[in-house]
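> Need coordinates for the following:
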Amino acid sequence: MDEKESILSEARSETRPQKKSVHVALRWVVLALVAFWLGALWIVFLFYDPTRKNLDSARLHMYVLKALSGVRGASLAVAADDYAGARLSLTQTSAALDTLSTLLGADHKDVLAAMQKSAAQALTDEKTDLKSAQPELDQLTKNLAQLEDNLFSNP
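As a prediction, this is how the structure comes out:
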């Protein structure tokens with residue numbers, strides 16, 4: 001029996017270092033994975049998130065300017081008695097305002113709804129008398145310019 005016990009004890013002593021080395025290797029792998037994911041999160045917060053916010057801001061500004069351009073184009077078309085041009089510009093303005101309603105937060109929803117109503121009223125007014133749409137267009141121009149100043153004012 002002494003030989004069997006010595007063989008078993010030798011076998012046990014050989015497997016313990018192997019288990020210990022597996023545990024050490026596993027710890028290093030877990031540590032490397034944690035470091036990798038922390039680095040990935042750091043990159044996202046440092047580079048990706050600010051860039052995404054700048055791009056969202058630029059996209060929002062583009063649609064505000066697109067709506068403002070459409071309203072001013074409609075005003076010029078009304079001054080030139082160009083019914084088709086006014087209608088096209090107001091249609092483009094309505095599309096830009098619809099896109100803005102999805103991009104703006106809840107605090108600007110009421111203002112944007114009023115602008116959409118003004119654009120719809122201007123479209124209705126131009127059907128009966130082209131010149132009667134001008135007061136709505138002036139108000140819409142004023143509101144869009146004020147929205148641009150509120151959102152993108154430079155200090």
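
> distance of the closest residue to residue 121 other than its chain neighbours from residue 100?
Leaving aside its chain neighbours, residue 121 sits nearest to residue 136 (5.1 Å; criterion: Cβ to Cβ, 6 or more residues apart in numbering). All C-beta spots, glycine's among them, are computed from the backbone N, C-alpha and C. Distance, residue 136 to residue 100, by Cβ to Cβ, to the nearest Å: 18 Å.

> Then residue 90?
Distance, residue 90 to residue 100, by Cβ to Cβ: 15 Å.

> Looking at the two, which is more packed in?
residue 90 (26 against 20; other Cβ atoms under 10 Å).

> Pull the contacting residues for that one.
Residue 90 makes contact with 70, 71, 74, 119, 122, 123, 126, 133 under the criterion Cβ atoms under 8 Å, 6 or more residues apart in numbering.

> Please apply the same query to residue 141.
68, 71, 72, 75.

> run the last query once more with 10 Å
67, 68, 71, 72, 74, 75, 118 (Cβ atoms under 10 Å, 6 or more residues apart in numbering).

> so where's this structure uncertain?
In the predicted model of the chain, residues 1-17, 154-155 satisfy pLDDT under 70.

> if we go to 90?
Residue ranges of the chain with pLDDT under 90: 1-25, 40-58, 101-116, 118-133, 150-155.

> Let me see the contact set for the residue nearest in space to the middle of it.
The centroid of the chain falls nearest to residue 56 when counting by Cα atoms, centre = their mean (4.2 Å). Residue 56 is in contact with residue 103, counting by Cβ under 10 Å, 6+ apart.

> where's it, which helix or strand?
Residue 56 is part of helix 49-79, with elements assigned from DSSP states H and E.

> circling back: ok, so of the contacts of residue 141, who is nearest residue 104?
residue 67 (11.6 Å; Cβ to Cβ).
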